[in-house]
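Student: got a predicted model here, sequence first, then my questions.
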Amino acid sequence: MPNTLTSAEPLLCEIHDGVATVHLNRPRKLNAISYAMADALLRLLDRMETDPAVGAVVLTGAGDRAFCAGADIHEFSETVRRDGAAALRDFVRRGQTMTARLEAYTKPVIAAVNGLAYGGGCEITEAVHLAVASETARFAKPEIRLGMPPTFGGTQRLPRLAGRKRALELLLTGDSFSAERAAELGLVNSVVPAGEALPAAQALARRVLAYSPLATASIITAVTRGLNMGIAEGLLAESEQFARLLPSHDLSEGLSAWVERRPAAYTGS
């Protein structure tokens, strides 16, 4: 795959030292998610998942105002007026597929929230594995103001992260909230000074890349599946992930390196 997509694309992607940095690229629209952008992101994720040059993905917004201001409401509203069934297919299912793909992706996905993260942008932040926010970032669940619930997974993931009552307050009022509040609620891992979200997210990606990609994928899989299971089923999923690593070079190398007090040389095999 090319290291950089052209600026005419709804996404920009560059790969450096194992980290793919993906920019949502509609800055004049505050990086609102169009159908074309959602489709492009799914295609890009498919390509990067099997690309050995990519070990982690950092997702951010183009420009200095927004990470993602949500779905493209003008495009969506036209679909609603034309055909309700098409709205379910083209908008809801597409958005849910996108966030589910991010959540279950086998390589770590880290959001660098560099500005507004409203609606679908907040739902992307909820779905990815890790997130770093600029201190100037703002979050909101404003769908209630449109007379609708969130449709990209926000009614399900936010309560799991923040708790039922705190999530319902945000979902039912549409009030915006700060990056510090997002950290308190578990939406982001850390808050950094303005302009530093992207380098901080890239640095976090490099910390993760220091370890076995097989172990990383197994942890992401066990956690993602386990959140939707009872504890007994979750423990079984955890055991299954460990069993898959038993014949791997990386497990043998990790144990040997620990015993021999040396850095491990992981190969992803």
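Tutor: Sure thing, it's come through. Numbering: from 1, shown residues only.
Student: count residues in the vicinity of Glu260, would you?
Tutor: Under the neighbour criterion other CB atoms under 10 Å, Glu260 is assigned a count of 9. Backbone N, C-alpha and C define where each C-beta goes, glycine included.
Student: and the pLDDT at it?
Tutor: Here the pLDDT value assigned to Glu260 is 96.
Student: hey, C-alpha coordinates of stretch 217-225 in CSV?
Tutor: Provided in CSV are the C-alpha atoms of stretch 217-225 (Å, rounded to 0.1, in the frame of the first residue of the first chain):
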residue,chain,number,x,y,z
ALA,A,217,-3.5,-9.0,19.4
SER,A,218,-4.4,-11.7,21.9
ILE,A,219,-4.9,-9.2,24.7
ILE,A,220,-7.1,-6.9,22.5
THR,A,221,-9.2,-9.9,21.4
ALA,A,222,-9.6,-11.3,25.0
VAL,A,223,-10.6,-7.9,26.4
THR,A,224,-13.0,-7.0,23.5
ARG,A,225,-14.8,-10.4,23.6
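Student: quick one, domains of the protein?
Tutor: Using automatic domain parsing, the domain parsing of the chain gives 11-209, 213-260.
Student: the shortest one: how far from the chain's middle?
Tutor: For domain 213-260, the distance from its own C-alpha centre to the chain's C-alpha centre is 21 Å (CA atoms, centre = their mean, to the nearest Å).
Student: that older thread, ranking the domains of the chain by burial, who's on top?
Tutor: Highest mean neighbour count among these (mean count of other CB atoms under 10 Å): domain 11-209, with a mean of 19.
Student: re the thing from before, how about the domains of the chain in a markdown table, adding distance to Tyr266?
Tutor: Converted to a markdown table, the domains of the chain look like this (distance: least, CB to CB, whole Å):
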| stretch | distance to Tyr266 |
| --- | --- |
| domain 11-209 | 10 |
| domain 213-260 | 5 |
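Student: closest one to Gly268 among those domains?
Tutor: For Gly268, the closest of these is domain 213-260, at 4.5 Å, according to CB to CB.
Student: can you give me the end-to-end distance of that closest one?
Tutor: The first and final residues of domain 213-260 sit 21 Å from each other (CA to CA, to the nearest Å).
Student: assign a three-state SS to the spatially closest residue to Val113 that is not a sequence neighbour, would you?
Tutor: With CB to CB, 6 or more residues apart in numbering as the criterion, Val113 has its nearest non-adjacent residue at 4.1 Å, and that residue is Ala133. Using DSSP: H, G, I helix; E, B strand; the rest coil, the secondary structure recorded for Ala133 is strand.
Student: beta partners of Ala133?
Tutor: Beta-bridge partners for Ala133, by DSSP bridges, are Val113, Val191.
Student: distance check, it against Phe67.
Tutor: Ala133 sits 8 Å away from Phe67, going by CB to CB, to the nearest Å.
Student: isn't the residue nearest to Val113 up against Ala182?
Tutor: Yes: with contact defined as CB atoms under 8 Å, Ala133 and Ala182 form a contacting pair (5.9 Å).
Student: which neighbours do the two share?
Tutor: Val113, Val188, Val191 (CB atoms under 8 Å, 6 or more residues apart in numbering).
Student: and these as CSV, adding distance to Arg225?
Tutor: Shown next, in CSV, are those (distance: CB to CB, whole Å):
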residue, distance to Arg225
Val113, 26
Val188, 23
Val191, 29
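Student: re the thing from before, residues touching the residue nearest to Val113, list them.
Tutor: Val113, Ala117, Ala179, Ala182, Ala183, Val188, Ser190, Val191, Val192, Ala197 are the contacts of Ala133 under CB under 8 Å, 6+ apart.
Student: mind putting those in a markdown table, distance to Ser77 and pLDDT included?
Tutor: Supplementary listing: the contacts of Ala133 in a markdown table, determined by distance: CB to CB, whole Å; pLDDT from 0 to 100:
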| residue | distance to Ser77 | pLDDT |
| --- | --- | --- |
| Val113 | 26 | 98 |
| Ala117 | 21 | 98 |
| Ala179 | 29 | 98 |
| Ala182 | 28 | 98 |
| Ala183 | 33 | 98 |
| Val188 | 30 | 98 |
| Ser190 | 36 | 98 |
| Val191 | 34 | 98 |
| Val192 | 35 | 98 |
| Ala197 | 31 | 98 |
